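Asker: need a structure here:
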Amino acid sequence: VPATLNLLERATSLLPEESERRRELLIELGVAGRLAGQTTDLLEGPVAAWERIGDRRHSLRAQLERAYFRALGHGRSEDVITMAEQAIPIFEAVGDHRALARAWLLTGSIHAGFECRYAVAEVAFEHALEHYRSAGWPISLCAAELAAALFFGPRPVDEGLTRSAELRSEDIGVLGEANLDVWVAGLQALRGRFDEARQLVARARKVYDDLGLTVGAAQTCGHVGGMLELLGGDAEAAERVFRQSCETFARHEAWAPLATRAAELAEALYAQGDITEAEQWADLARRHTSEGDVSAEFSWRAVLAKIRAQQGAIEEGEALAREAVAFTERTDAINQRGYVLLSLAEVLRIAGSIEEASTCAASAADLFARKGNVVSAARAKDFRTTLISA
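Answerer: So this is what the prediction gives:
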């Protein structure tokens with residue numbers, strides 16, 4: 001990424017100020033800057049330049065990229081979807097496959113990362129793949145987004161592994177393989193294959209670090225690496241991974257991913273019994289949750305609900321947990337729905353509502369089983385057994 005930025009900066013400096021090619025390359029410079037974790041909006045200039053000369057196609061491309069850049073801060077995620085719906089027919093009319101690839105990729109990223117609607121995101125990413133190929137651009141980034149949707153979404157683990165293997169059979173390069181490694185690691189962790197998962201994450205992180213993808217490493221390795229440690233029962237190791245990626249997001253002012261990751265850090269702290277710091281991170285997640293970010297909305301509520309229940313504020317905790325469940329019911333994120341139901345079950349256990357807690361745990365176990373998450377399914381069943389026997 002640093003090399004990409006350097007080459008694009010040099011190329012744009014050599015072209016005349018009003019050159020169309022220069023303005024096109026400035027858009028790509030803005031995209032590369034975001035991947036590098038730069039906080040400066042490098043797309044402001046290209047948007048103004050294309051609007052000034054009345055070129056709607058290039059203006060929409062630049063505005064779409066900028067809208068996504070802002071959504072990762074505290075912007076409105078729905079703006080990206082609205083703009084993509086306007087732009088795609090215009091891009092199609094002139095056969096601009098590069099712009100179509102980005103439009104479908106960003107659309108899928110909003111459906112997945114903000115709305116947790118992974119089936120529809122998967123369709124968008126498949127469209128993006130077609131246009132990446134037609135444009136002659138590497139598919140590594142797009143393949144990563146698709147693999148993430150396979151991990152988080154409703155597809156069973158075995159199907160996710162099969163599609164990931166198909167993607168890996170293409171010429172996706174070192175970065176593409178690293179992208180796939182992370183999400184395959186996540187799927188393997190759901191099956192309880194933790195050593196294999198750790199090796200895959202470590203291999204991917206080295207590639208990210210070598211390529212200067214600091215924020216990318218925090219986004220992917222940060223989630224899967226921490227998640228697999230929680231699944232494996234090592235909350236302290238999970239805390240270290242989550243904390244490192246939270247620091248990266250804060251340093252680069254990537255507030256949207258920070259919101260969800262802060263909630264995950266709170267979960268790791270709660271699992272260790274550190275209620276005080278867990279509350280601090282849950283509150284930070286709440287404060288940085290952007291409008292339309294469903295993932296963050298249910299994540300901070302689920303962990304804060306348990307914290308409030310432990311603090312004796314049972315009614316508040318139960319209300320938060322039920323709100324979290326309501327948010328997940330708008331999604332097809334099976335694992336997340338199961339984890340939030342277990343949070344509600346924990347709150348109900350503390351409140352003494354054992355029968356309803358048992359029902360929630362059973363529902364969570366069913367969701368995990370549908371996904372193929374054998375580790376969490378077993379734990380949900382054990383939790384229910386403990387409730388019943390008590």
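
Asker: quick one, what contacts residue 248?
Answerer: Neighbour list for residue 248: 37, 214-215, 217-218, 222, 254 [criterion: C-beta atoms under 8 Å, 6 or more residues apart in numbering]. Glycine gets a C-beta too; all of them are placed from N, C-alpha and C.

Asker: redo that, cut-off 6 Å
Answerer: Contact analysis of residue 248 by C-beta atoms under 6 Å, 6 or more residues apart in numbering lists residue 218.

Asker: what's the first helix or strand after the helix or strand hosting residue 187?
Answerer: Under the criterion of DSSP states H and E, residue 187 resides in helix 173-190. Per DSSP H and E, the first helix or strand lying C-terminal to helix 173-190 is helix 194-211.

Asker: what comes up buried for that following helix?
Answerer: Within helix 194-211, the residues scored as buried using 16 or more other C-beta atoms under 10 Å are 194, 197-198, 200-201, 204-205, 207-208, 211.

Asker: list phi and psi for residue 352.
Answerer: Dihedral angles of residue 352 (phi, psi; degrees, to the nearest 10) stand at phi 90, psi 10.

Asker: give me the number of residues near it?
Answerer: 8 (other C-beta atoms under 10 Å).

Asker: now the angle between helix 194-211 and the helix holding residue 187, please.
Answerer: Per axes from the mean of the first three to the mean of the last three C-alpha atoms, to 10 degrees, the angle that helix 173-190 makes with helix 194-211 is 150 degrees.

Asker: against which helices or strands is helix 173-190 packed?
Answerer: helix 140-152, helix 157-168, helix 194-211, helix 214-231 (3 or more C-beta pairs under 6 Å, 6 or more residues apart in numbering; DSSP states H and E).

Asker: rerun that using 10 Å as the cut-off
Answerer: helix 140-152, helix 157-168, helix 194-211, helix 214-231, helix 354-371, helix 374-389 (3 or more C-beta pairs under 10 Å, 6 or more residues apart in numbering; DSSP states H and E).

Asker: pull the CA atoms of that helix into PDB?
Answerer: Below are the C-alpha coordinates for helix 173-190, written out as PDB (Å, rounded to 0.1, in the frame of the first residue of the first chain):
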ATOM      1  CA  GLY A 173      -2.100 -13.500  -5.400                       C
ATOM      2  CA  VAL A 174      -0.500 -13.400  -2.000                       C
ATOM      3  CA  LEU A 175      -2.900 -10.800  -0.600                       C
ATOM      4  CA  GLY A 176      -5.900 -12.700  -1.900                       C
ATOM      5  CA  GLU A 177      -4.700 -15.900  -0.200                       C
ATOM      6  CA  ALA A 178      -4.100 -14.000   3.100                       C
ATOM      7  CA  ASN A 179      -7.700 -12.500   2.900                       C
ATOM      8  CA  LEU A 180      -9.100 -16.000   2.500                       C
ATOM      9  CA  ASP A 181      -6.900 -17.500   5.200                       C
ATOM     10  CA  VAL A 182      -8.400 -15.200   7.800                       C
ATOM     11  CA  TRP A 183     -12.000 -16.200   7.100                       C
ATOM     12  CA  VAL A 184     -11.200 -19.900   6.600                       C
ATOM     13  CA  ALA A 185      -9.600 -19.700  10.000                       C
ATOM     14  CA  GLY A 186     -12.800 -18.300  11.400                       C
ATOM     15  CA  LEU A 187     -14.800 -21.200   9.900                       C
ATOM     16  CA  GLN A 188     -12.300 -23.700  11.200                       C
ATOM     17  CA  ALA A 189     -12.500 -22.200  14.700                       C
ATOM     18  CA  LEU A 190     -16.300 -22.800  14.600                       C
END
